[in-house]
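> Sequence and predicted structure are below.
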Amino acid sequence: MKKIMILVFSLFIISLFLLGCSKNNDIKNSLNTINNEKGSSAQDFEVQLVDGSIFRLSDYKDKKPVIIEFWATWCPFCKQDFNTVKNIYPKYKDDVEFIAIDLDSGEDAETIKDYIKKNGLDDIKFAAGKTKILSDYSVTSTTTKYAIGRDGKILWKGSGAIDSDSWELIFKGLKDS
């Protein structure tokens, strides 16, 4: 329990320093969103990955914590985030699941596959977005991220590109929770 509280507090502090691609984010709004969603059950969803397989959030309950990142191929902050994550995530992929859901409905599976190949992102699961998922998760900008614990509860929500030390803290905290 103490580790979870440290993780939640650490993620909360990190979120204070993050900005997404959208210039409409402000710290007060970000804090209100986090407080309203932290500790609540993550909305279950099912999405087809670009490799053709199906991802169900509920399949990971009681098994692995999950990071969900909402992104788009045209977002420079998403590219920055993925360039950082691809160097850290491989050592945590057995303990933490990472799924990237495209929020741009104009981008199809082939566009996403090209992005994955071009940027060397083979360890991350990618899916085209679904309006219901974007609505359920209140996604309004790219680089929106959720950390969901093994119990299916939302531990943290933030946005903006994250540096390697912060990603390391997030992954380690989720792994140890």
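Alright, I've got the coordinates. Numbers count the residues shown, from 1 in each chain.
> can we go C-alpha only for contacts and neighbour counts from here?
Fine.
> Give me the below-cutoff pLDDT ranges for the protein.
1-37 (pLDDT under 70).
> Now do the strands in it.
Applying DSSP state E to the chain gives strands spanning 46-48, 54-56, 66-71, 97-102, 125-127, 144-148, 154-158.
> Is it possible to get CSV of the ones you listed that adds distance to residue 88 and mean neighbour count?
Listed next are these as CSV, based on distance: least, Cα to Cα, whole Å; neighbours: other Cα atoms under 10 Å:
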stretch, distance to residue 88, mean neighbour count
strand 46-48, 25, 16
strand 54-56, 22, 14
strand 66-71, 13, 24
strand 97-102, 12, 22
strand 125-127, 15, 23
strand 144-148, 16, 25
strand 154-158, 19, 25
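> Dump the ones you listed to TSV, plus distance to residue 175.
As requested, the strands of the chain are exported to TSV (distance: least, Cα to Cα, whole Å):
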stretch	distance to residue 175
strand 46-48	23
strand 54-56	20
strand 66-71	10
strand 97-102	10
strand 125-127	18
strand 144-148	11
strand 154-158	13
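> Tell me which of these sits nearest to residue 86.
Checking the strands of the chain against residue 86 by Cα to Cα gives strand 97-102 as the closest, at 10.8 Å.
> What is the closest one packed up against?
Under the contact criterion of 3 or more Cα pairs under 8 Å, 6 or more residues apart in numbering; DSSP states H and E, strand 97-102 touches strand 66-71, strand 125-127.
> Which one, of the ones you listed, ends up nearest to residue 38?
Per Cα to Cα, nearest to residue 38 of these: strand 66-71, 14.1 Å.
> Packing partners of that closest one?
Counting by 3+ Cα pairs under 8 Å, 6+ apart, strand 66-71 packs on strand 97-102, strand 144-148.
> Now stretch 136-145 - C-alpha only, PDB.
The C-alpha coordinates for stretch 136-145 follow below in PDB (Å, rounded to 0.1, in the frame of the first residue of the first chain):
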ATOM      1  CA  ASP A 136     -14.900   7.500 -22.000                       C
ATOM      2  CA  TYR A 137     -11.400   8.600 -21.200                       C
ATOM      3  CA  SER A 138     -12.200  12.300 -21.800                       C
ATOM      4  CA  VAL A 139      -9.400  12.700 -24.400                       C
ATOM      5  CA  THR A 140      -9.100  16.200 -25.700                       C
ATOM      6  CA  SER A 141      -5.400  16.300 -26.700                       C
ATOM      7  CA  THR A 142      -2.500  14.100 -27.800                       C
ATOM      8  CA  THR A 143      -0.100  12.700 -25.200                       C
ATOM      9  CA  THR A 144      -2.900  12.000 -22.800                       C
ATOM     10  CA  LYS A 145      -1.800   9.100 -20.600                       C
END
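> I'd say residue 112 and residue 73 touch.
Yes. The pair residue 112 / residue 73 is scored as a contact, 7.2 Å apart, by Cα atoms under 8 Å.
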